[in-house]
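> I'll drop the sequence and a predicted model, then ask my questions.
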Amino acid sequence: MKVMLIAEAIGFGHVARDAEILKLLTARGWECEVITYGKCASMLRSRGYKVHSVPLSIDIRENKYGVDVNKTIVDNIRAVHVRAIKKITDVLGAYKPDIAIIDTNIIGVIAFGLYKQFKKTPMVYIINANKYGSIPKTGEMVLDRFVSSAADKILIPDIPLPYTISEYNLELNGKMKFIGPLTRFFGVEAPAKTSGVFIACGKSGIGERPFAELTKMADERIISPTEKRYDSLFINSEIVIHHGGHNTAMESILLGKPQIVIPLPGFIERMNNAKKLAELGVGVVLDSRWLDRHILEYAIDDAREKKKNAQRLSRLLKKYNGAENAYKEIKDLVV
């Protein structure tokens, strides 16, 4: 079977979770190619996948207050999406996949919809947010209906309500199915004794600025990530600090780690993730605009008190093998 993955290129969270599906499909004899862009394309090429580089979107724009939502939207509209759609349909036409997997990319859905008029190929859509906060409710409904009509199945890499981390970012419909976490840490156990507070700001650079001074702010051992030791530092840390990305939140819970979340102001999706983590008793939410040494040190102590909650929720997450569940849903459409 031939698979084409079209993956959102903002940040690394999308391709990181998609890589778990690709790995499983490849191991079971499926042929996989990818359409994505920039550093995400380089990452998947380094893992041996054939990648078609197409500018699907631009990175999130920031200002001194946080995410500049309006500039992000305007710059995306100005991007060369017409040419991107043409290139995607050309790649699909040449490759002729048996199934397409699209992760959170509307341009990919538009291109696939045009391609599907000529060849009835099934499509699985992966998403952890369909409520955007920065566009009118009517716009959200139009986008949601468009995606739902194009997709045969919509997979959410999260666990069911009421423990869904992305709950406040989702308007659920009948095509959606919770599959559980998609992460390389599934099946990994954190050591019984952990130490240090790890800054997991990701490899994309989004949200690095609020974290720049954290290592100087507290008496605790604050660990900055390094490219080569990222995974081992993450696994062995006691507490994780991050910007509210869905993938990082899921990985932290899976490893039973309490979290300190510092979302960028204006980044609604991550602010909503942070809100849910706090409600579940596994995270402390801070505002980067009012952060000082005293608040950070108190938050670290506060997070420690939530370790048992994180470990309990971890046991629930481990019951949902996201990659295996995704594989079953994909296979069901073509075999």
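That came through, no problem. Residues are numbered from 1 along each chain as shown.

> what does stretch 178-191 contact?
Residues from elsewhere that reach stretch 178-191 (Cβ atoms under 8 Å, 6 or more residues apart in numbering): 16-21, 126, 155-160, 164, 231, 234-236, 247, 250-251, 254-257, 317-323, 325-326, 329. Backbone N, C-alpha and C define where each C-beta goes, glycine included.

> Pull the distance from that stretch to the chain's centre.
Distance of stretch 178-191 from the chain centroid (Cα atoms, centre = their mean, to the nearest Å) equals 14 Å.

> ok, and for it, which residues are buried?
For stretch 178-191, a neighbour-count test (16 or more other Cβ atoms under 10 Å) marks 178-183, 185-186, 190 as buried.

> Need the max-distance pair from the residues you listed.
Using Cβ to Cβ, those reach their maximum pairwise distance at 178 and 190, which is 23.7 Å.

> which stretches of the chain form helices?
13-27, 38-46, 69-78, 81-95, 106-116, 137-150, 230-236, 246-254, 268-279, 293-304, 307-317, 322-334 (DSSP state H).

> I'd like those helices as TSV, with mean neighbour count and distance to residue 171 appended.
Below are those laid out as TSV (neighbours: other Cβ atoms under 10 Å; distance: least, Cβ to Cβ, whole Å):
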stretch	mean neighbour count	distance to residue 171
helix 13-27	22	20
helix 38-46	17	26
helix 69-78	14	19
helix 81-95	17	24
helix 106-116	21	16
helix 137-150	14	6
helix 230-236	16	32
helix 246-254	26	16
helix 268-279	21	12
helix 293-304	16	31
helix 307-317	17	23
helix 322-334	18	20
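
> From residue 311, how far off is the residue lying closest to residue 323 once chain neighbours are set aside?
Distances taken as Cβ to Cβ, 6 or more residues apart in numbering place residue 20 nearest to residue 323, at 4.4 Å, with adjacent residues excluded. Going from residue 20 to residue 311 by Cβ to Cβ, to the nearest Å gives 23 Å.

> shaky segments in this structure?
Applying pLDDT under 70 to the chain flags residues 57-80, 133-140, 202-213, 215-216, 219, 226-227.

> Walk me through the domains of it.
Structural domains annotated on the chain: 2-183+321-334, 197-317, as defined by automatic domain parsing.

> Let me know which of the helices of the chain is the nearest to residue 52.
helix 81-95 (4.9 Å).

> helices or strands up against the closest one?
Using 3 or more Cβ pairs under 8 Å, 6 or more residues apart in numbering; DSSP states H and E, the elements in contact with helix 81-95 are strand 2-7, strand 31-36, helix 106-116.

> How much space separates the residue nearest to residue 323 from residue 183?
In terms of Cβ to Cβ, residue 20 sits 7 Å off from residue 183.

> still on that earlier bit, which stretch among the helices and strands packed on helix 81-95 comes nearest residue 283?
Closest to residue 283 of those, according to Cβ to Cβ: strand 2-7, at 26.8 Å.

> Distance from that closest one to the middle of the chain?
Counting by Cα atoms, centre = their mean, strand 2-7 comes out at 17 Å from the chain centroid.

> What strands line up against that strand, and which way round?
Next to strand 2-7 in the sheet, as set by DSSP bridges, lie strand 31-36 (parallel), strand 99-103 (parallel).

> buried set for the first one?
This points to strand 31-36. For strand 31-36, the neighbour count (16+ other Cβ under 10 Å) marks 32-36 as buried.

> quick one on the thing from earlier: in strands, which of the buried residues of stretch 178-191 appear?
residue 178 (DSSP state E).

> Go through the buried residues of stretch 178-191 and name the one nearest residue 305.
Taking Cβ to Cβ as the measure, residue 190 is the one of these closest to residue 305, at 17.9 Å.

> Excluding chain neighbours, what is closest to that closest one?
Nearest residue to residue 190, sequence neighbours excluded (Cβ to Cβ, 6+ apart): residue 255, at 4.4 Å.

> Quick check: the gap between the one you found and residue 84.
37 Å.

> Mind picking the two most distant members of the buried residues of strand 31-36?
Put simply, by Cβ to Cβ the two of these set farthest apart are 32 and 36, 12.4 Å from each other.

> so what sits against both of those two?
residue 5.

> wait, doesn't residue 15 sit right on residue 43?
Yes. In terms of Cβ atoms under 8 Å, residue 15 counts as a neighbour of residue 43; the distance is 6.0 Å.

> Can you give me the neighbour number for residue 222?
19 (other Cβ atoms under 10 Å).

> Show the contacting residues for it.
196-197, 199, 214-215, 241.

> out of the residues you listed, who's nearest residue 168?
Once Cβ to Cβ is applied, the member of those that ends up nearest residue 168 is residue 241, at 21.1 Å.

> what sits opposite that closest one in the beta ladder?
residue 199, residue 260.

> Brilliant, that's me finished.
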